[in-house]
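> predicted model and sequence below, questions to follow.
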Amino acid sequence: MLQMFRRQNLRNKVGIGLDFGDEFVMISNHLGMHEHKCLYRRILRAKGKAVSIASQELSVTTEQNFAGLIKRSAAPLVPEHQALARLLDAGRVITVPKGGAVLKAGDVAEMLFFVQTGLLRYYYIDAETGDDRTGQFFDEGAVVTDAASFLTGAPATQTVEAVEVSTIFNIPRDALMRAYDEDHAIERFGRKMVEGGFLGSQRRAANLLNMSPDERYRHFVENRPSIARWVPQYLLASFLGITPESLSRIRGRIARTKDRG
């Protein structure tokens, strides 16, 4: 008899336990050792197959989501099926651990990164203080790379890392450039992507120049509330161009204003 329990329910159970990450498999002691070994091997094969299927499903879903982004951006043009399929085939789905870098400053950006799940940020290192300065956050559905490096082949000036465990679809530069040449709709997606990057950079610069720290914080909370709620305070402060202590004071002032209201 095979039973599966969550770990917190195992204290009073007796048997051979097989640890599979978030699940724990209990095998009854009524089986002999040979039967245990055979069952263990069957469980491993089944678990491996399940993981493989789940990984394949995630890859398919990620590719579909990236294809959907291309189609929405290219509208009213429609990408040619074969050109889009070749581009998707060239990509690869990876899982990036928290703090893991998908691009490091000094390396050449050979990939465009599509965020399926999780959160990425890019940052620069302050040459004088050694502190990192967060340039932007990229959550699910966003694309990111070091544009100057990606387009010119020069070394990247920024690092792109995962703020939390993230699933990323890597699209090689060469494959994307071939797709641009083959299909006008995919090329339109690329133009829209670059235009969006320019607009974002201009708004970011304007906010830093024209808004007070309090205004920048309120603007971020209003426009990206989910990220503002759970991103670490030191990273949010870095993005806003202030110290964590200043951010704490801003939050305190806002909280007191709400209480009085």
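In hand now; what should we look at? Residues are numbered from 1 along each chain as shown.
> CA only for contacts and neighbour counts going forward, please
Noted.
> quick one: low-confidence ranges for the stretch 151-261 of the chain?
259-261 (pLDDT under 70).
> again, 90 this time
Along the stretch 151-261 of the chain, the parts satisfying pLDDT under 90 run over 229-230, 254-261.
> so which residues of it form strands?
Ranges of strands in the stretch 151-261 of the chain, per DSSP state E, counting those that start in this stretch, are 159-162, 166-172.
> what residues sit buried inside the longest one?
By neighbour count with 16 or more other CA atoms under 10 Å, strand 166-172 contains the buried residues 166, 167, 168, 169, 170, 171, 172.
> pull stretch 136-148 out as PDB, backbone CA atoms only.
Taking C-alpha atoms only, stretch 136-148 is exported to PDB below (Å, rounded to 0.1, in the frame of the first residue of the first chain):
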ATOM      1  CA  GLN A 136      14.200  49.000 -13.200                       C
ATOM      2  CA  PHE A 137      12.200  45.900 -12.200                       C
ATOM      3  CA  PHE A 138      10.800  43.500 -14.700                       C
ATOM      4  CA  ASP A 139       7.900  41.200 -13.700                       C
ATOM      5  CA  GLU A 140       5.900  38.600 -15.500                       C
ATOM      6  CA  GLY A 141       5.400  39.300 -19.200                       C
ATOM      7  CA  ALA A 142       8.300  41.700 -19.600                       C
ATOM      8  CA  VAL A 143      11.400  41.500 -21.800                       C
ATOM      9  CA  VAL A 144      14.800  42.800 -20.700                       C
ATOM     10  CA  THR A 145      18.400  42.900 -21.800                       C
ATOM     11  CA  ASP A 146      21.200  45.400 -21.900                       C
ATOM     12  CA  ALA A 147      20.000  47.100 -25.100                       C
ATOM     13  CA  ALA A 148      23.400  48.800 -26.000                       C
END
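> what lies in contact with it?
If you take CA atoms under 8 Å, 6 or more residues apart in numbering as the criterion, stretch 136-148 is touched by 65-66, 69, 103, 109, 111-123, 154, 156-158, 160, 239.
> starting at the chain centroid, how far to the helix or strand harbouring residue 85?
Here residue 85, judged by DSSP states H and E, is contained in helix 81-90. Distance of helix 81-90 from its chain centroid, counting by CA atoms, centre = their mean, to the nearest Å, is 22 Å.
> so it versus strand 166-172, what angle?
120 degrees (axes from the mean of the first three to the mean of the last three CA atoms, to 10 degrees).
> outside of helix 81-90, which residues touch it?
Applying CA under 8 Å, 6+ apart, the contact partners of helix 81-90 are 63, 67, 171, 172, 175, 176, 179, 182, 183, 186.
> okay if I get those as JSON lines plus distance to residue 149?
Converted to JSON lines, those look like this (distance: CA to CA, whole Å):
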{"residue": "63", "distance to residue 149": "24"}
{"residue": "67", "distance to residue 149": "24"}
{"residue": "171", "distance to residue 149": "15"}
{"residue": "172", "distance to residue 149": "13"}
{"residue": "175", "distance to residue 149": "16"}
{"residue": "176", "distance to residue 149": "15"}
{"residue": "179", "distance to residue 149": "19"}
{"residue": "182", "distance to residue 149": "23"}
{"residue": "183", "distance to residue 149": "23"}
{"residue": "186", "distance to residue 149": "21"}
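> so of those residues, which ones are in helices?
Members of those lying in helices (criterion: DSSP state H): 63, 67, 175, 176, 179, 182, 186.
> and those residues, which two are furthest apart?
63 and 182 (19.2 Å; CA to CA).
> those two: which has the busier surroundings?
Between residue 63 and residue 182, counted using other CA atoms under 10 Å, residue 63 has the larger neighbour count: 22 against 16.
> distance check, the residue lying closest to the more buried one once chain neighbours are set aside against residue 237.
In space, and not counting its chain neighbours, residue 63 is closest to residue 88: 6.3 Å by CA to CA, 6 or more residues apart in numbering. Distance of residue 88 to residue 237, given as CA to CA, to the nearest Å: 37 Å.
> and what of residue 60?
Note on residue 60: its distance to residue 237, by CA to CA, is 37 Å.
> got the buried residues for the helix holding residue 85?
Buried-residue list, helix 81-90, by 16+ other CA under 10 Å: 83, 84, 87, 88.
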